[in-house]
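Peer 1: coords below, sequence missing:
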């Protein structure tokens, strides 16, 4: 599907169809999302899943086929199928319907991917970031550069994209496209979505980076088969995404799930958001680095980069240095406290721990998870599972691309406003 065939709201750099996650979805949107999540699915299974008649599924599927969004796919027979007649036919997303891109900006490394409508990755690129705050124009230039590198890899141009998704750390208002605060930007309340859309000449959607990993799990990972789950990301900061009833939950104003900035200590450690006692200030990179300088007896000899310091701290812990181990163990206990609060508040069926810091196994050691069990409400039922997913660095950008794809298809389906 050519981007120019979309309704006028999706052309150029105009807004895509997005709104709060509580908005009702049309049956066309629901059917498309079930097909997308399943990969390939027979019409009879769609009717059961959606609670509608097979005739309604056939009618809606025909509309989506005519629109070029889905297609019929011949599949192998299942054990329950009869051996006679034509081979079984399922529905699948038509990969050639269009292309979207996703960009992830961070303190140290930016990444971008291009995917088709079936979620297949076409190209990827990354470049070093800058470990200090930039003004909005500088950050936009960084986003533009990494996207253009990915497009060049595939021999594509910006005009080939139906939309671009952008993710970054901090407080991001998905609905308005503004960034009230981010550790990457010097200014506050920046209209980043509009600025990037004007710069790229394509529709743009933006969100907090933790929501991107959650979308990637929902679209491509363990969350495809779950109605409710939570994702906690540990990178240079601490983030959280929450899925309720198969939909990403952002809160009434689109600014919820800031688990890293929940308070765990009154008048505690200083957080990079400017407040004290935030969970992130005890678990994130800069919290570990702050204590590593003391544990490794570096004093003020700040000659090592933050990344080198972290690796050195971890190597010392593995070698048996008790001070280094104590730093990770303390951070792990605070992480257990944060996870327990998630369980007690939302009761998810699964909590996924994701991010580069999952290599530091002291953060989720058996003792940490045991402490988590001691802080949750005991109901007699098994506690939720906690799993670690050490995705590659491009998972964030893939989540951003999934967000762009969801918004683009919602517009193409002329559905009621719906969030990614």
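Peer 2: Nice, thanks for sending it over. Quick caveat: nothing in here was measured; it's all calculated off a predicted structure.
Peer 1: tally of neighbours for the closest residue to residue 203 other than its chain neighbours?
Peer 2: Distances taken as Cβ to Cβ, 6 or more residues apart in numbering place residue 163 nearest to residue 203, at 4.4 Å, with adjacent residues excluded. (Glycine included, C-beta is placed from N, CA and C.) Number of residues near residue 163 (other Cβ atoms under 10 Å) recorded here: 28.
Peer 1: shaky segments in the chain?
Peer 2: For the chain, applying pLDDT under 70 flags the ranges 1-25, 77-87, 131, 298-304, 390-392, 414-420.
Peer 1: so where do the helices sit in it?
Peer 2: 27-38, 43-50, 54-66, 136-153, 192-200, 209-220, 280-283, 285-295, 306-318, 322-346, 366-375, 395-412 (DSSP state H).
Peer 1: Comparing those, which comes out most buried?
Peer 2: Burial of the helices of the chain is given as mean neighbour count (mean count of other Cβ atoms under 10 Å); helix 395-412 ranks first at a mean of 29.
Peer 1: on contacts alone, who are the packing partners of that one?
Peer 2: In terms of contacts (3 or more Cβ pairs under 8 Å, 6 or more residues apart in numbering; DSSP states H and E), helix 395-412 is packed against helix 27-38, strand 99-104, strand 109-116, strand 164-168, strand 204-208, helix 209-220.
Peer 1: Can you give me the end-to-end span of stretch 222-229?
Peer 2: End-to-end span of stretch 222-229 (Cα to Cα, to the nearest Å): 9 Å.
Peer 1: coming back round to it: with distance to residue 241 as extra columns, can I get the helices and strands packed on helix 395-412 in a markdown table?
Peer 2: Below are the helices and strands packed on helix 395-412 laid out as a markdown table (distance: least, Cβ to Cβ, whole Å):
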| stretch | distance to residue 241 |
| --- | --- |
| helix 27-38 | 17 |
| strand 99-104 | 14 |
| strand 109-116 | 18 |
| strand 164-168 | 11 |
| strand 204-208 | 8 |
| helix 209-220 | 3 |
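Peer 1: what's the closest of the ones you listed to residue 368?
Peer 2: Checking the helices and strands packed on helix 395-412 against residue 368 by Cβ to Cβ gives helix 209-220 as the closest, at 20.0 Å.
Peer 1: report the angle between the axes of that closest one and strand 204-208?
Peer 2: Relative orientation of helix 209-220 versus strand 204-208 (axes from the mean of the first three to the mean of the last three Cα atoms, to 10 degrees): 110 degrees.
Peer 1: tell me what helix 209-220 is packed against?
Peer 2: Contacting helix 209-220 under the criterion 3+ Cβ pairs under 8 Å, 6+ apart are the following elements: strand 99-104, strand 164-168, strand 229-234, strand 238-244, strand 247-249, strand 350-354, helix 395-412.
Peer 1: want to throw the ones you listed into TSV with distance to residue 273?
Peer 2: Formatted as TSV, those follow (distance: least, Cβ to Cβ, whole Å):
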stretch	distance to residue 273
strand 99-104	20
strand 164-168	14
strand 229-234	16
strand 238-244	11
strand 247-249	21
strand 350-354	21
helix 395-412	20
